[in-house]
Every structure is written in structure tokens, then in C-alpha cells.
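*Asks:* Just need the structure, nothing else, for what follows:
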Amino acid sequence: WRDRGDTRGLGEDGECVPRAGESVNARRLSAAGTLLAASCFPMPAPAAEPDVWLVVPLASHHGNRTTSKGVPYNEVNGGIGLRASWGTWSAEAGRYRNSFYQPSDYLRANWLPVVAGPLRLGLTGGVVTGYERDRWASPFIIPAASLEWRSFAIDVLALPPYEPEGFKGIVGVAIRFRVP
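*Replies:* Purely as a prediction, here's the structure:
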């Protein structure tokens with residue numbers, strides 16, 4: 001604060017001063033709560049080199065078989081991408097043909113902390129372009145699963161049903177090949 005010339009909340013001696021209706025302990029608890037929440041999402045330790053994968057989006061299955069205009073969804077979603085992995089975390093970017101027959105670019109982070117043999121479970125989140133409702137990019141956080149072996153993997157993403165709007169969900173599948 002002082003570096004920017006902002007002294008709100010600081011006394012003359014630099015000590016934390018409560019705002020109207022706020023106690024010093026409330027401010028400290030808020031800061032402690034933020035640090036605690038951040039520690040619940042472990043970040044990967046820096047690795048010398050990430051594992052690099054070639055990603056090939058393949059297909060999707062829609063619970064609703066057609067759009068609201070009666071047009072069948074595209075369920076052959078060919079594309080290409082790259083993934084860099086560090087343990088349970090990875091970053092991925094690519095392009096595929098979406099459900100509306102349009103090109104979509106995506107950038108996402110994957111967190112798959114549950115590991116049982118080749119099975120990995122977790123979440124993926126990021127942004128994707130090419131969908132009617134947004135001009136630039138749509139944000140998302142959805143469940144993800146992978147079956148990963150030494151040089152080959154199968155990824156499954158699920159957009160769960162949302163019945164208030166009549167949306168019955170989507171499952172997407174991609175394969176990956178480790179780049180030597």
C-alpha cells in the first residue's frame with residue numbers, strides 16, 4: 001500500500017487500523033482465510049521439463065440430439081492441441097470443430113488429483129471460442145477424467161445436465177500421444 005501511496009487502513013506508524021464497523025481481528029482473519037483457501041489448491045512443484053502430449057479431439061455425444069432449431073449437433077469434433085503436464089496439473093491449448101460445425105480454440109488448465117492406476121479424475125477449466133452465445137470466449141470449469149499410460153491416453157470431459165434449461169449434457173472424448 002505504502003509503495004503506491006495508498007495508506008487506507010494504516011495508522012501513522014504503519015499498523016493495521018480497522019475501518020468503520022470492522023475490527024483488526026476481522027481483517028487478520030480475512031487475510032488468514034484467503035491464505036488457507038489458497039493452500040487448499042496445491043500448485044505443482046517446478047519441474048525441470050514437463051511431459052508434452054499431442055492432443056487429438058475426436059468426438060462428443062449430446063444428451064439433446066438436436067439444437068433448439070432442430071439441427072443435429074456435430075459429434076465428430078476433429079482437431080489438434082498440445083498439453084504440457086507436471087504431475088497432477090497440466091496446461092493445454094488447441095483447436096477443434098465444435099458442436100455447431102464451427103472452429104473453436106481453447107486454452108485450459110487441468111487438475112487431476114485423484115489417481116488410481118491409469119485412471120485420473122479431477123477438473124478442467126479455461127476458455128473456449130466459437131460458440132453462438134459469446135462473441136469472444138466462454139469460460140468453463142467441468143469434470144474431467146483420463147486413462148493415461150506411458151505414451152497414450154484417453155481423455156473424457158463431461159458437461160453435466162442442467163434441467164431448468166432442458167440441457168441434457170455432453171460428453172467429449174480426445175486421445176493423446178506423448179511427444180518424445
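*Asks:* switch to C-alpha atoms for all contacts and neighbour counts from now on
*Replies:* Fine.
*Asks:* Let's see stretch 164-180 as PDB, backbone CA atoms only.
*Replies:* What follows is the C-alpha trace of stretch 164-180 in PDB, where atoms were taken according to Å, rounded to 0.1, in the frame of the first residue of the first chain:
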ATOM      1  CA  PRO A 164     -34.000 -26.000 -15.800                       C
ATOM      2  CA  GLU A 165     -33.000 -25.000 -19.300                       C
ATOM      3  CA  GLY A 166     -33.600 -28.500 -20.800                       C
ATOM      4  CA  PHE A 167     -29.900 -29.100 -21.400                       C
ATOM      5  CA  LYS A 168     -29.200 -32.900 -21.100                       C
ATOM      6  CA  GLY A 169     -25.400 -32.800 -21.000                       C
ATOM      7  CA  ILE A 170     -22.400 -33.500 -23.300                       C
ATOM      8  CA  VAL A 171     -19.500 -36.000 -23.100                       C
ATOM      9  CA  GLY A 172     -16.400 -35.300 -25.200                       C
ATOM     10  CA  VAL A 173     -13.500 -37.700 -26.000                       C
ATOM     11  CA  ALA A 174     -10.000 -37.000 -27.100                       C
ATOM     12  CA  ILE A 175      -6.800 -39.100 -27.300                       C
ATOM     13  CA  ARG A 176      -3.300 -38.100 -26.500                       C
ATOM     14  CA  PHE A 177       0.200 -39.200 -27.600                       C
ATOM     15  CA  ARG A 178       3.300 -38.400 -25.600                       C
ATOM     16  CA  VAL A 179       5.800 -36.400 -27.600                       C
ATOM     17  CA  PRO A 180       9.300 -38.000 -27.200                       C
END
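*Asks:* any weak-confidence spans in the chain?
*Replies:* For the chain, the stretches flagged by pLDDT under 70 are 1-48, 133-134.
*Asks:* and the closest residue to I141 other than its chain neighbours, what does it touch?
*Replies:* Residue nearest to I141 in three dimensions, not counting chain neighbours: G125, with 4.0 Å by Cα to Cα, 6 or more residues apart in numbering. Residues near G125 by Cα atoms under 8 Å, 6 or more residues apart in numbering: 108-110, 139-142.
*Asks:* Mind picking the two most distant members of those residues?
*Replies:* N110 and P139 (13.8 Å; Cα to Cα).
*Asks:* if we can go back for a sec, point me to the helix or strand that includes the residue nearest to I141.
*Replies:* Using DSSP states H and E, G125 falls within strand 119-128.
*Asks:* Name the next helix or strand downstream of that strand, please.
*Replies:* strand 138-148.
*Asks:* which parts of that next one are buried?
*Replies:* Across strand 138-148, burial judged by 16 or more other Cα atoms under 10 Å covers 143-148.
*Asks:* Quick one: list the elements packing against it.
*Replies:* Helices and strands touching strand 138-148, by 3 or more Cα pairs under 8 Å, 6 or more residues apart in numbering; DSSP states H and E, are strand 103-116, strand 119-128, strand 152-159.
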